[in-house]
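Asker: Got a predicted model here, sequence first, then my questions.
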Amino acid sequence: MGLCSRYAPACSSWTLTLVLTGLFYGFPCLYLAQTHSMSAHIIYDGILFFFVIANFTVATVIDPGRYPRASDDEAVDDQRSPLHQNININGVTVRMKWCTTCMFYRPPRCSHCSICNYCVDTFDHHCPWVNNCIGSRNYKYFFTYLVSLTAHMLSVLAFCIFSLHLMKMEGESFLQYTPIITICVAVLDSLLMVPVTALLGFHIFLISKGRTTNEQVTGKFKGGHNPFTKGCIRNWAYLCFGSRLPKLVGRKPKKDLLKKVKMVKAAPDKVHVYVDNSSTNGNTSGRAHLYTKV
């Protein structure tokens with residue numbers, strides 16, 4: 001994928017967000033502040049817009065949970081590994097695939113992104129609008145971005161309609177700059193709010209069910225039990241209050257916690273995969289764990 005096509009959606013989303021919000025503050029908001037003393041209401045929307053930009057930025061720049069690739073020595077050593085391994089999670093057999101690029105067995109819910117060329121933990125999807133994968137480490141910020149953006153767009157639409165109503169009540173001409181730009185902002189905001197709200201609703205459904213976009217689209221666990229769901233309330237609690245996994249790429253974990261990601265020849269019934277070890281003995285820097293084959 002060329003640089004232009006890769007960065008174009010992200011540049012477009014930033015441009016639309018900043019330009020439309022700038023026009024909103026420069027015309028209908030300025031009109032309401034000068035003629036009707038509604039500065040407090042505008043500050044409320046400014047707080048919403050701050051959350052939009054903050055979460056958008058974090059979701060864009062943060063590591064979504066990329067796994068480091070195997071070294072050259074490990075890659076050569078693991079060339080003949082089987083393509084699949086099965087493990088049992090909460091009574092459900094889950095298949096782990098061998099990643100021919102990163103040279104290790106992908107942990108459950110991990111998937112290789114063809115755009116970023118990395119395996120991502122709890123892969124949800126690759127979002128072109130933030131130019132980043134959405135995974136275990138940035139999903140919370142992506143979802144908060146959708147919530148704050150929807151609230152901001154509703155606020156913009158409400159302020160635009162209210163300002164147009166006041167202009168009409170005061171008999172002002174709609175052929176001036178302020179009403180014309182206010183109408184344009186309201187129309188564009190309404191059109192863009194439809195897909196954003198739909199996407200937010202879709203992710204509310206996914207969180208309640210304990211699924212990722214990738215699992216929903218590919219039909220995993222369709223008609224069967226999802227071993228990763230904790231129940232609706234606990235799914236939401238984990239999203240809001242769960243700790244963020246440590247960064248895996250570029251870290252230097254302790255030697256006693258770092259193990260090769262390969263089949264253990266001395267124990268053919270076991271396989272090493274990358275997982276989060278944050279709940280093991282209080283250590284948060286581990287990145288390998290032993291699963292038993294079915």
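Answerer: Sure thing, it's come through.
Asker: contacting residues around residue 36?
Answerer: residue 166 (C-beta atoms under 8 Å, 6 or more residues apart in numbering). Just so you know, the C-beta spots here come from the backbone N, C-alpha and C atoms, and that holds for glycine as well.
Asker: For residue 234, give me the pLDDT.
Answerer: Listed pLDDT for residue 234 reads 96.
Asker: does it belong to a helix or a strand, and which?
Answerer: For residue 234, the host element (DSSP states H and E) is helix 232-241.
Asker: Which strands and helices lie in contact with that helix?
Answerer: With contacts taken as 3 or more C-beta pairs under 8 Å, 6 or more residues apart in numbering; DSSP states H and E, helix 232-241 sits against helix 139-169, helix 177-209.
Asker: any chance of the ones you listed in CSV, plus mean pLDDT, mean neighbour count and distance to residue 124?
Answerer: Output for the helices and strands packed on helix 232-241, formatted as CSV (pLDDT from 0 to 100; neighbours: other C-beta atoms under 10 Å; distance: least, C-beta to C-beta, whole Å):
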stretch, mean pLDDT, mean neighbour count, distance to residue 124
helix 139-169, 96, 19, 6
helix 177-209, 96, 15, 8
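Asker: Same list, those, but as JSON lines with distance to residue 96 please.
Answerer: As requested, these are exported to JSON lines (distance: least, C-beta to C-beta, whole Å):
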{"stretch": "helix 139-169", "distance to residue 96": "21"}
{"stretch": "helix 177-209", "distance to residue 96": "22"}
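Asker: in a strand, that's where residue 86 is, yeah?
Answerer: Yes: applying DSSP: H, G, I helix; E, B strand; the rest coil, one finds residue 86 inside a strand.
Asker: so what's residue 55 up against?
Answerer: 141, 142, 144, 145, 148.
Asker: run the last query once more with 10 Å
Answerer: When contacts are counted by C-beta atoms under 10 Å, 6 or more residues apart in numbering, residue 55 is found next to 130, 138, 140, 141, 142, 143, 144, 145, 146, 147, 148, 149.
Asker: Grab the nearest non-local neighbour of the first one.
Answerer: If I follow you right, that is residue 130. Of all residues not flanking residue 130 in the chain, residue 60 sits nearest, at 4.5 Å (C-beta to C-beta, 6 or more residues apart in numbering).
Asker: for the last one, same thing?
Answerer: Nearest residue to residue 149, sequence neighbours excluded (C-beta to C-beta, 6+ apart): residue 52, at 5.1 Å.
Asker: Could you list the domains of the protein?
Answerer: According to automatic domain parsing, the chain comprises the domains 3-62+138-209, 72-136+221-292.
Asker: still on that earlier bit, now the angle from the helix holding residue 234 to helix 139-169?
Answerer: Orientation of helix 232-241 against helix 139-169 (axes from the mean of the first three to the mean of the last three C-alpha atoms, to 10 degrees) gives an angle of 90 degrees.
Asker: Sounds good, over and out.
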